[in-house]
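coordinates only, sequence not included:
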């Protein structure tokens, strides 16, 4: 009876210790706009634009220096083109940025370094 309990536990422990050997990420991630940016489409619908930023963990103190902006325009096909600009503060060696409108499963990404602006375009379909 005792072997029936110990054997599965030993297998699980071995699997977890093997999986625990995977390298850890050296980045930190957070949602820059919390709550997300709210934009109004030309048709009057409100969209939530989420922005996630990944950057080196040792530069996390610079996170408050990021700024963002989103503008909208018609995409010419009945949908909406959302332009997202994220300004990366000086001193950040690299940043990976993802912007998305989750409701329509639309996303875009970009990379940049300190002192630059990353521009992403989200083409939200007509509903």
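Thanks, I have the structure now. Being a predicted model, the structure only gives us computed values, none of them experimental.

Can you check my assumption that residue 64 lies in a strand?
No - judged by DSSP: H, G, I helix; E, B strand; the rest coil, residue 64 forms no part of a strand; its state is helix.

That one: neighbour count?
Other residues lying near residue 64 total 8 when counted by other Cβ atoms under 10 Å. Backbone N, C-alpha and C define where each C-beta goes, glycine included.

Would you mind measuring from it to residue 92?
Look at residue 64 and residue 92: by Cβ to Cβ, to the nearest Å, they are 12 Å apart.

Strands along the chain, start to end?
For the chain, the strands defined by DSSP state E occupy 27-31, 37-40, 46-56, 67-74, 80-87, 95-101, 106-112, 117-124.

Of these, which stretch is the most buried?
With neighbours defined as mean count of other Cβ atoms under 10 Å, the strands of the chain peak in mean count at strand 95-101, which reaches a mean of 22.

Just name whatever secondary elements that strand is in contact with.
Counting contacts by 3 or more Cβ pairs under 8 Å, 6 or more residues apart in numbering; DSSP states H and E, strand 95-101 packs against strand 46-56, strand 80-87, strand 106-112, strand 117-124.

Now the residue nearest to the spatial centre of the chain: closest residue in space, sequence neighbours ignored.
Note on the chain: the residue nearest the mean C-alpha position is residue 52, at 2.7 Å, using Cα atoms, centre = their mean. Using Cβ to Cβ, 6 or more residues apart in numbering and skipping the chain neighbours, the partner closest in space to residue 52 is residue 98 (4.7 Å).

which residues does the one you found bridge with?
residue 52, residue 109 (DSSP bridges).

and it, what is it in contact with?
Contacts for residue 98 (Cβ atoms under 8 Å, 6 or more residues apart in numbering) come out as 51-54, 107-109.

among the helices and strands of the chain, which has the poorest mean pLDDT?
For the chain, using mean pLDDT, DSSP states H and E, the weakest element among its helices and strands is strand 27-31, scoring a mean of 56.

Give me the mean pLDDT for stretch 101-115.
The average pLDDT within stretch 101-115 is 96.

Which residues does that stretch contact?
With contacts defined as Cβ under 8 Å, 6+ apart, stretch 101-115 is touched by 47-50, 62, 82, 84, 86, 88-100, 118-125.
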